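Peer 1: A predicted structure for the sequence below; I have some questions about it.
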Number of protein chains: 2
Amino acid sequence: MRAAVDLVAEAGFSAATTAAIAERIGMAEGTLYRHFKSKDELFIAAYRQLKADVFERVTAETGLESSIQARARAMWLGMWQTYANDLAAFTFGQRFAESAYSSLEGGTAHEAIMGHVHKIIQDGQASGEIRAGDPTVLIAFFFPPLTAMLKQLSTGRNWDQDEVEFAIDCAWQAWRI
Amino acid sequence: MRAAVDLVAEAGFSAATTAAIAERIGMAEGTLYRHFKSKDELFIAAYRQLKADVFERVTAETGLESSIQARARAMWLGMWQTYANDLAAFTFGQRFAESAYSSLEGGTAHEAIMGHVHKIIQDGQASGEIRAGDPTVLIAFFFPPLTAMLKQLSTGRNWDQDEVEFAIDCAWQAWRI
DNA sequence: GTCTATACAGGGATAGAC
DNA sequence: GTCTATCCCTGTATAGAC
């Protein structure tokens, strides 16, 4: 699974052939099929594990914070740090979600992560800290900017701590009353 | 090119084979190669034309506005309307950009569109209407939310006029002083 | 410009020995 | 669990007639 993730991140799905995966881990091609029924199943399993890992990390971090703004910030940083430490996993996830596989695997963990932000927004709207309006729109000002910056990170653009904090603040400005 | 775009949008690159493209337009497979040297060239040509069309439309609309905020709004609406009227083209563009093709075709028109928003931000920062800070970060609060909403539109989520205006306002809140 | 026929390569998957 | 060998299919691209 690791080899598959790395290959997809490096050169796309078309490069992640069974031959390439097997070669990278020094295993025979046929042996792959003792562990996975098909290549598709391997990719889907890798995607599921990736999302589950991120979800675990993010929920653990946001639970420690009390204020709405701090929860949102912790969530942003949790995702940022998780993916920044494994950019190949990030790129794999992006490509997977944009591929035809996405229709096969909606992603329960993905839904769980979305639900987590949804909750922050609803709490903030209830307490009067976050502007009223469709939460779906507000979420579009959280994950998409975050992933856009991660994408640039994976292509060599470096962000210093100030820039990350600036981004988090922009996100909060978009949300706040 | 139209058939290729539609097929990629419907079922991903793996489904957009030369056989499928030829069948959809009622043409023999071999005939495709009288118009394009290779399948890759076909995809890249389609992507270039797509971006060029969007650029033309967007620059035409934003030129009519005077204030910074109105220019930003016109740009958002220009892209929104262009892609909302051709969701297949939008999805194709997303998938193309996330695929291995993206390394072959950086996209001059894409750069031009980015430069256009960059200009709006710089003008706004100079006039004191837009907060100081890295323009790259601010751009992450423009296109990514916009495309995230378009992506949902392409999967059946409908947005009414108020929600679109709400999104534009959120983007402006993220930018403004 | 378009078609038919075909060459060629590569990828997914299986069988069976060790 | 792993390897080797192999089958089969599909996808890209070309040749050549009309």
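Peer 2: Arrived safely.
Peer 1: Contact residues of chain A facing DNA strand C?
Peer 2: A:17-19, A:29-30, A:33, A:37-40 (Cβ under 7 Å from any atom of the strand). All C-beta atoms are positioned from the backbone trio N, CA, C, and that covers glycine.
Peer 1: quick one: which two of the residues you listed are the most distant?
Peer 2: A:19 and A:37 (17.9 Å; Cβ to Cβ).
Peer 1: The residue of chain A found nearest DNA strand D: what secondary structure?
Peer 2: Here the residue of chain A nearest DNA strand D is residue A:30; by Cβ to the nearest atom of the strand that distance is 2.6 Å. Assigned with DSSP: H, G, I helix; E, B strand; the rest coil, residue A:30 falls in the helix class.
Peer 1: Roughly how far does it sit from residue B:135?
Peer 2: Distance, residue A:30 to residue B:135, using Cβ to Cβ, to the nearest Å: 52 Å.
Peer 1: got the angle between the host helix or strand of residue A:173 and helix B:161-175?
Peer 2: Using DSSP states H and E, residue A:173 maps to helix A:161-175. On the basis of axes from the mean of the first three to the mean of the last three Cα atoms, to 10 degrees, helix A:161-175 is oriented at 150 degrees to helix B:161-175.
Peer 1: Of residue A:30 and residue B:135, which one has the most company?
Peer 2: residue B:135 (18 against 9; other Cβ atoms under 10 Å in any protein chain shown).
Peer 1: If we ignore the residues flanking it in sequence, what's nearest that one?
Peer 2: residue B:121 (4.6 Å; Cβ to Cβ, 6 or more residues apart in numbering or on different chains).
Peer 1: Residue A:151 now?
Peer 2: Distances taken as Cβ to Cβ, 6+ apart place residue A:94 nearest to residue A:151, at 6.8 Å, with adjacent residues excluded.
Peer 1: tell me the contacts of the one you found?
Peer 2: Applying Cβ atoms under 8 Å, 6 or more residues apart in numbering or on different chains, we find residue A:94 in contact with A:147, A:151, B:98.
Peer 1: Adding pLDDT, secondary structure and distance to DNA strand D, write those residues out as TSV.
Peer 2: Formatted as TSV, the contacts of residue A:94 follow (pLDDT from 0 to 100; DSSP: H, G, I helix; E, B strand; the rest coil; distance: Cβ to the nearest atom of the strand, whole Å):
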residue	pLDDT	secondary structure	distance to DNA strand D
A:147	97	helix	29
A:151	96	helix	26
B:98	90	helix	18
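Peer 1: ok so, going back, pLDDT wise, what is the residue of chain A closest to DNA strand D at?
Peer 2: Looking at residue A:30, its pLDDT is 96.
Peer 1: contact partners of the helix or strand hosting residue A:7?
Peer 2: Assigned by DSSP H and E, residue A:7 belongs to helix A:2-11. Residues outside helix A:2-11 that contact it (Cβ under 8 Å, 6+ apart) are A:15-16, A:20-21, A:24-25, A:42-43, A:46, A:50, A:87-92, A:95-96, A:154, B:100.
Peer 1: Out of those residues, which sit inside helices?
Peer 2: Using DSSP state H, the members of these that fall in helices are A:20-21, A:24, A:42-43, A:46, A:50, A:87-92, A:95-96, A:154.
Peer 1: among those residues, which are in reach of chain B?
Peer 2: Applying Cβ under 8 Å from any Cβ of the partner chain, the subset of the ones in helices among the contacts of helix A:2-11 adjacent to chain B comprises residue A:95.
Peer 1: Now, of the ones in helices among the contacts of helix A:2-11, which are buried?
Peer 2: Buried members of the ones in helices among the contacts of helix A:2-11, counted by 16 or more other Cβ atoms under 10 Å in any protein chain shown: A:21, A:42-43, A:46, A:50, A:88-92, A:95-96, A:154.
Peer 1: Adding pLDDT and distance to DNA strand D, write those residues out as TSV.
Peer 2: Formatted as TSV, those follow (pLDDT from 0 to 100; distance: Cβ to the nearest atom of the strand, whole Å):
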residue	pLDDT	distance to DNA strand D
A:21	98	12
A:42	98	14
A:43	98	17
A:46	97	17
A:50	95	22
A:88	98	23
A:89	98	23
A:90	97	28
A:91	96	23
A:92	97	22
A:95	94	18
A:96	95	20
A:154	96	27
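Peer 1: Cool, thanks, talk later.
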